[in-house]
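Chemist: The following block contains a protein sequence and its predicted model.
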There are 2 protein chains.
Amino acid sequence: MTQLSAAKEGVITEEMKTVAKNEGLDPEVLRSLIADGRVVIPKNRSRNFTPLGIGKKLRTKINANLGSSVDHCKVEHELEKLKAAHDAGADSVMDLSTGGNLKEMRSAIIENSELMVGTVPIYGVATELTKQDKDVTGMTPDMIFEEIERQCEEGVDFITVHCGVTRRSVSFAGKDQRIGGIVSRGGSLLAAWMHKNKKENPLYSEYNRLLKICFKHDVTLSLGDGLRPGALADATDQAQIEELIVIGELTKRARERGVQVMVEGPGHVPLDQVETNMKLQQRICDEAPFYVLGPLTTDCAPGYDHISGAIGGAIAAASGADFLCVVTPAEHLCLPSPEDIFMGVMGTRIAAHSGDIVKGVGGAKEQSLEMSKARKKLDWDGMFRYALDPVMAKQRRELSESTDSNVCTMCGKLCAVDLHNITM
Amino acid sequence: MTQLSAAKEGVITEEMKTVAKNEGLDPEVLRSLIADGRVVIPKNRSRNFTPLGIGKKLRTKINANLGSSVDHCKVEHELEKLKAAHDAGADSVMDLSTGGNLKEMRSAIIENSELMVGTVPIYGVATELTKQDKDVTGMTPDMIFEEIERQCEEGVDFITVHCGVTRRSVSFAGKDQRIGGIVSRGGSLLAAWMHKNKKENPLYSEYNRLLKICFKHDVTLSLGDGLRPGALADATDQAQIEELIVIGELTKRARERGVQVMVEGPGHVPLDQVETNMKLQQRICDEAPFYVLGPLTTDCAPGYDHISGAIGGAIAAASGADFLCVVTPAEHLCLPSPEDIFMGVMGTRIAAHSGDIVKGVGGAKEQSLEMSKARKKLDWDGMFRYALDPVMAKQRRELSESTDSNVCTMCGKLCAVDLHNITM
C-alpha cells in the first residue's frame, strides 16, 4: 500500500501519525487530507527518516536543489551543499546532477540525507547520451522508464516528470509565441525529442507505466511544468495553462491509481499574477499540493534571485502554494555554491514563514508573536530563540558594541522600546 | 514659491521639467500631479542636485537611512554609508544620527550627497538633552521648532515630523492594547513628552508654525507614523489608523498652505494586510505620496530583514506605495554597516522594480522584457546591461568556469535555452 491507498482505505500509517504529531493536526484529519490528495508524504518505502507532509493545513515546506554539472562534479561538493541546505533549514533536497558519476552522486545524497530526496530521472538519460557524444533526441521510452525504475529502487522519495509537455502544449511555446521559449531542462529535452521523433511524449502516452513504478515504491510524482514561464512576459500564457490542464487530468489519474502526486508551478511571474496562478492551479488540479519555483517577480535581479524568489514565494505561499523551491543568488549565472544554497534556503524560509502567518499554519503566527513580546521586553535570548536563524542574529548582536547593554547600537539611549517601557 | 504653489499657479518649474524628462512624462501632466499633491519634488531651495519626483505615475523611489549612534559616531563612517547607498542605487538618504557631533555629521552628508537628504529634527533635540544627561521630556516646543528651522536653513530636502502622535492616538498604544508598543523613536519621544507634560504634541498643536518654516525653504514634510506597528500583531490597529486619520487632515492643511507633503507608513504588517494598508492611506490621505518602511511580513527574520522588507515592499509598491525605505540586514540587531546598506538598497530596488512592473512605470516592464530577450539569445553582455546590479552579475559569471562558453556552469550542454534554440 502507498500512503494514499492506505488513507483511502481508512488506515492511519505510522508516517501519518508522525506527520500529524509534528504538525499539531488530528491524525484522522490528516488521513482524510491524504485520501483526498490534498496532502502527500513523499517517502520511498525503502528509506528511513522522519517523514514530512506537504499540502493543505500544513506548514509550507522548502526544497533546495543540489546537483553537479559538467563543470563541477565532485561528490564532496554535493555533500557540502546538502549540509548547507540542511543547516539552513530546508525540508527536502533534489539531486539535479548532470555531471560526473550520477549514480555515485545520487547514492551519496540519498545515504547522507535526513531530508526527503527528489530527482529528475530524465537528466540521467540525457547526461549519459551527452557523455557518449550522442544526440539527446536519441533516447528511447525504455531508457526513460528504466532510469525511473532504477532511481525508485535506489530510494528516491519523489521524482519530477514532465508528463504535461505534450505536442499540443508545446505548440504554444514556439518562438513566435514566447519571449523566453522553454527554460525547463526536462521540458526542452522532451520538446526536442518530440520534434525530432514526431511522437507524443512517452511520459504522457505511457503514463500508466509510470504510475505502476511509483506505486510499487510509493514514490511521489511531482508533475513538472516543463513549459513554465522563464520570462515575466510569458507568464500565465497558453503554453503554461494548456500544460496545467493536462497536469490536472494526470493528477486525477494518479490519485485513482493510489499514487501520491503533487504539481509543479512557475517560474517567472509578475507580482500581480502570482495569486491568480495559485488559484488556477488549485481549481484545475483539485487542490493537489502545489510546488513552485520562486516565482520570481522580476527578470532583472541576477545575483539576487533569492530575493526576487522570496517576494514571489511569500505571495504564493500566502495564496496557497504548499512547497517552495529555493532559488539561489547564483540562478541565471552559474551553479550555486554551498553559501548560495544557504542564502537561498534562508530567503525561502522567510517567504514560507510570511505565507504561513497568513495561512495560520505551522505555528508561524505564534512564533512572530513571541518574537514581538521578546522585543518589547528587550529580551535578547528570547529574540534569538524565535529568530529563523538564531546563529546569525546572535552573531551580529555579539559583534556589535552593545553586548552588555539591554539596548542595541542603533539607537542607544534613544531606544524607542526602552523609552516607551520606562515612561508608560 | 514652492514646487507646489508654483504648480497650483500653472507654473512649470525647471525642477518639474527635469523630473518630467527623466520619467518620460509630459511636463504638464507632472505639474498637474504636483498641484493636486500626488507628486512631490523634495529639494531644499538652497541645494543643487538633479531633482527627483516621488508619487503617482513615477518610478518607485528608494531611501536609505544613514546616521550615527552613540556607539558609532565617526563622520567618515557615515560618508562610507552614503557612498554605499549611492553606489547601490538609492534615490535618497536620511541622516538619522543620534551620536557624536550631529551638525558636523549632517553638513558632511548634505555637502557630499548627490541624492535628496532627509532628517528627523527631533533627534537633534533629544540627543543634545541626553548628552547633557537631561531627561528628553524636558524639551520645549521652541527647542523643537528652532532645531527644525536650523536644519531647513542648512539645506535638508525633507523632514520627518511625527505630527499625528496626538494624545488621542497615543491612548490606543498602551500596554494593554499593543504587543510592541511604540517603536518609532520620534513617536516614543513625543509620547513620553506628552505623558510627562500633560500637553498636546506641539508639532500638532503648532502645526502652522511648522508649515511656515517648510514653505520658506520648500522643505517637503514627511508626516511620520510615530505609531506605526512594530509587531505583526499590532498592524492596522486603532493607534495606527487613528494617527493616519490625523495625518490625513494635516496633509490637506499642508497642501492648502503650499507645502509639499508625503505620508509615512508601516512597519510590520502581515502579507495579507499590506495592500489594505496602501488602499487605506490612498483614501484617507487623498493619494499623497506614500513612504513606507518595509513593510516586514514576519517579525522573525533578524539578520535578514532586507528580505522580509523586500517582500512587503514589493507588494506595497505594486499596490500604490511611492517611496520605499530600506530595511537592512542589521535591523533589530545593531547599527548597519556600509555592506548592510548596500544589501538593503539592492533588496529594496528589487522590491521597487517588481512593483513598478505592475504599476507600469519607470520602464521596469521594458527592462524585464529586454533581459528576457538577452537570456533567450544567451547574450551575456545584454544580460549584464539589464541587470539591477551589473557588477555583481558579471563578477559571478566571470568567477565561474564557463566564461568562454555561451552557456553557464549550471547546465552546461544540457542548457534548456540552448537546446530549445537549436531544435526549434
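Modeler: Received the coordinates, thanks. Residues are numbered from 1 along each chain as shown, chains lettered A, B, ... in the order given.
Chemist: Secondary structure element for residue A:107, which one?
Modeler: Element membership for residue A:107, per DSSP states H and E: helix A:102-112.
Chemist: and that helix, how far from the chain's centre?
Modeler: Averaging C-alpha positions (Cα atoms, centre = their mean, to the nearest Å) puts helix A:102-112 19 Å from its chain's average.
Chemist: residues touching residue A:204, list them.
Modeler: Taking Cβ atoms under 8 Å, 6 or more residues apart in numbering or on different chains as the contact definition, residue A:204 lies against A:163, A:164, A:165, A:166, A:246, A:250. Every residue, glycine included, has its C-beta placed from N, CA and C.
Chemist: Apologies, that question was intended for residue A:286.
Modeler: A:37, A:248, A:251, A:252.
Chemist: would the last one count as being in a strand?
Modeler: Right, the one you point to is residue A:252. No. Applying DSSP: H, G, I helix; E, B strand; the rest coil, one finds residue A:252 to be helix, outside a strand.
Chemist: And it, what's its pLDDT?
Modeler: Residue A:252 carries a pLDDT value of 98.
Chemist: For residue B:119, state which of the contacts of residue A:286 is nearest.
Modeler: For these, the residue nearest residue B:119 by Cβ to Cβ is residue A:248; the value is 56.4 Å.
Chemist: State the distance from the closest one to chain B.
Modeler: With distances taken as Cβ to the nearest Cβ, to the nearest Å, residue A:248 is found 24 Å from chain B.
Chemist: and that residue, which of the three is it?
Modeler: helix.
Chemist: What is the burial count for it?
Modeler: With neighbours defined by other Cβ atoms under 10 Å in any protein chain shown, the count for residue A:248 comes to 19.
Chemist: now the one 3 residues further on
Modeler: Residues contacting residue A:251 under the criterion other Cβ under 10 Å number 25.
Chemist: doesn't residue A:283 make contact with it?
Modeler: No. The criterion here is Cβ atoms under 8 Å, and residue A:251 misses it with residue A:283 at 11.9 Å.
Chemist: Now the terminal residues of stretch A:164-178, how far apart.
Modeler: 18 Å (Cα to Cα, to the nearest Å).
Chemist: List the buried residues in that stretch.
Modeler: The neighbour-count check on stretch A:164-178 (16 or more other Cβ atoms under 10 Å in any protein chain shown) flags A:164, A:165, A:166, A:169, A:170, A:172, A:173, A:178 as buried.
Chemist: Do you know the pLDDT at the fifth one?
Modeler: Read it as residue A:170. Looking at residue A:170, its pLDDT reads 96.
Chemist: if I read this right, it contacts residue A:242, doesn't it?
Modeler: No. Using Cβ under 8 Å, residue A:170 is not in contact with residue A:242; the gap is 9.1 Å.
Chemist: shared neighbours of the two, anything?
Modeler: Jointly contacting residue A:170 and residue A:242 under the rule Cβ under 8 Å, 6+ apart are residue A:227.
Chemist: List, one by one, the residues from the stretch 1-150 of chain A near chain B.
Modeler: When proximity is defined as Cβ under 8 Å from any Cβ of the partner chain, the stretch 1-150 of chain A approaches chain B at A:69, A:70, A:71, A:72, A:98, A:99, A:123, A:126, A:127, A:130, A:136, A:137.
Chemist: Now render the residues you listed as TSV, adding pLDDT.
Modeler: Conversion of those to TSV gives the following (pLDDT from 0 to 100):
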residue	pLDDT
A:69	90
A:70	88
A:71	86
A:72	88
A:98	94
A:99	93
A:123	96
A:126	95
A:127	95
A:130	92
A:136	93
A:137	94
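Chemist: quick one: which of these has the most company?
Modeler: residue A:126 (27 neighbours).
Chemist: Identify the residue nearest that residue in space, chain neighbours excluded?
Modeler: residue A:136 (4.7 Å; Cβ to Cβ, 6 or more residues apart in numbering or on different chains).
Chemist: which residues touch that neighbour?
Modeler: Counting by Cβ under 8 Å, 6+ apart, residue A:136 has contacts A:126, A:129, A:130, A:189, A:192, A:193, B:414, B:419.
Chemist: Those in helices, which ones?
Modeler: With DSSP state H as the criterion, helices contain A:126, A:129, A:130, A:189, A:192, A:193, B:419 from among these.
Chemist: I'd say the first one and residue A:99 touch.
Modeler: No. With contact defined as Cβ under 8 Å, residue A:126 does not reach residue A:99; the gap is 11.7 Å.
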